[in-house]
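**Q** A predicted structure for the sequence below; I have some questions about it.
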Amino acid sequence: MAVLVEVDLLGATTEQYEEFHDRLAREDGIFAGCLAHVAAVTGDGVRVVDLWDSAESMNRFAERMRALGIGVPGVSYTVSDVHHYDLSPRS
């Protein structure tokens, strides 16, 4: 079952987010199973929302981040089971 992950990077700037994302992107296959990724600026920092094909794929991603020593201490996130998603473009 697909899952939606929401993370608020409180106090983060877009530059910090870009550095973090670029570091992850250098790791082959780290985003395997990520169907969609969105980063939005909020009044408190940056909010990241990912759609994963399964909790297992999301957990593999998280384990690789930990193994690489990449992460943001104290960041909380929510994981929700997805009822429906549609990634097809609308005309």
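**A** Thanks, I have the structure now.
**Q** and the helix or strand harbouring Asp22, what does it pack onto?
**A** Element membership of Asp22, judged by DSSP states H and E, is helix 14-25. With contacts taken as 3 or more Cβ pairs under 8 Å, 6 or more residues apart in numbering; DSSP states H and E, helix 14-25 sits against strand 34-42, strand 45-52. Any C-beta I mention is one placed from the backbone N, CA and C, and that applies to glycine too.
**Q** buried residues, it. List them.
**A** Across helix 14-25, burial judged by 16 or more other Cβ atoms under 10 Å covers 17, 20.
**Q** mean confidence for it?
**A** In this model, helix 14-25 has a mean pLDDT of 92.
**Q** between strand 34-42 and that helix, find me the angle.
**A** Here helix 14-25 points in a direction 160 degrees away from that of strand 34-42 (axes from the mean of the first three to the mean of the last three Cα atoms, to 10 degrees).
**Q** go ahead and name everything in contact with helix 14-25.
**A** With Cβ atoms under 8 Å, 6 or more residues apart in numbering as the test, helix 14-25 has contacts from 9, 30-31, 39, 41, 46, 48, 65, 70, 72.
**Q** weed out the non-buried ones from those residues.
**A** Here, 16+ other Cβ under 10 Å leaves 9, 30-31, 39, 46, 48, 65 buried among these.
**Q** turn these into JSON lines, including pLDDT and distance to Ser88.
**A** Output for these, formatted as JSON lines (pLDDT from 0 to 100; distance: Cβ to Cβ, whole Å):
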{"residue": "Leu9", "pLDDT": "92", "distance to Ser88": "29"}
{"residue": "Ile30", "pLDDT": "94", "distance to Ser88": "26"}
{"residue": "Phe31", "pLDDT": "96", "distance to Ser88": "20"}
{"residue": "Ala39", "pLDDT": "97", "distance to Ser88": "22"}
{"residue": "Val46", "pLDDT": "94", "distance to Ser88": "27"}
{"residue": "Val48", "pLDDT": "96", "distance to Ser88": "23"}
{"residue": "Met65", "pLDDT": "88", "distance to Ser88": "30"}
